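>>> Could you look at this predicted model? Sequence included:
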Amino acid sequence: MTFSFSYHSQHVTFETAPDLFSPKNLDRGTEAMLSTVTFEPGQRVLDLGCGYGVVGILAAKIVGPENVVMTDVDPLAVKTARRNAEQNNVAGVTILQSDGFQDHQETDFDWILTNPPYHEDFSVAKHFIMKGFNRLKIGGQMVMVTRRRLWYQKRLSSIFGGTDVHEIDGYFVFHSEKRRPTYATRKRRNR
């Protein structure tokens, strides 16, 4: 299966597979998340749980492929994302098979973007939030999209010291910025 669309004047085509998330088109949650983000050339971007690569490939077209890391736990997703990166002329992106942050040490991101599995328990999202904070540079942002608000808003606020919430088409897009730590935020994170 393949589909194409345009984003900020970038035309992209994606090959998918029935076993991957949203195989027929761009899912509305990812579309909502992307509508809240403006990438700038040279920024470092992590597409966490990249699936077949939509977010990372679109980011690479703007920030440069050398500035993008894409990870997914699913070997089929990683393989498909690599093909899509080549097909969309951003083969220089780094694509890794990793269970969240466990299998790579990349840091200093301006953006970490994720559409975590939110139909299950919160363990994946909790790992993404807790470990993602330390992978951002000061001023960097974690952007997460879900259908649920309260748990995510509380967890992101407790780690980042606050979060902005955008409600778009039934989805909640959270923007949480890593700020210079104060004594109070360091103490809260070390609990």
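Received it, and whenever you're ready, just let me know what you need. Note that this is a predicted model, so its numbers are computed, not measured.

>>> quick one: the strands in the protein?
Here the chain has its strands, by DSSP state E, at 2-7, 10-15, 45-48, 68-72, 94-97, 109-114, 136-146, 164-168, 171-177.

>>> Point out where the chain drops to low pLDDT.
For the chain, applying pLDDT under 70 flags the ranges 119-120, 182-191.

>>> For the residue positioned nearest the centre of the chain, name its beta-bridge partners.
Nearest to the mean C-alpha position of the chain, by C-alpha atoms, centre = their mean, lies residue 113 at 2.0 Å. The bridge-partner assignment for residue 113, based on DSSP bridges, gives residue 47, residue 143.

>>> now it: how far from residue 18?
Residue 113 sits 24 Å away from residue 18, going by C-beta to C-beta, to the nearest Å. For the C-beta atoms, the positions are set from N, CA and C on the backbone; glycine is no exception.

>>> related to what we said a few turns ago, could you dump the strands of the chain to CSV with distance to residue 130?
Below are these laid out as CSV (distance: least, C-beta to C-beta, whole Å):
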stretch, distance to residue 130
strand 2-7, 30
strand 10-15, 30
strand 45-48, 13
strand 68-72, 16
strand 94-97, 19
strand 109-114, 12
strand 136-146, 11
strand 164-168, 19
strand 171-177, 12
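
>>> Out of those, which is closest to residue 24?
Among those, the nearest to residue 24 by C-beta to C-beta is strand 2-7 (6.6 Å).

>>> Which residues does the closest one contact?
Strand 2-7 is touched from outside by 11-16, 24-26, 34, 58, with contacts defined as C-beta atoms under 8 Å, 6 or more residues apart in numbering.

>>> now do stretch 72-88
12-17, 19-20, 49-53, 56-57, 60-61, 65, 70, 91, 93, 95-100.

>>> got the buried residues for that stretch?
Residues of stretch 72-88 classed as buried: 72, 74, 77-78, 80-82, 84-85, 87-88 (neighbour count, 16 or more other C-beta atoms under 10 Å).

>>> which of these lies closest to residue 126?
residue 72 (18.0 Å).

>>> In contact with the closest residue to that closest one other than its chain neighbours: list those residues for me.
Leaving out its chain neighbours, the residue that sits closest to residue 72 by C-beta to C-beta, 6 or more residues apart in numbering is residue 50, at 4.9 Å. Going by C-beta under 8 Å, 6+ apart, residue 50 touches 56, 70-72, 77-78, 81, 95.
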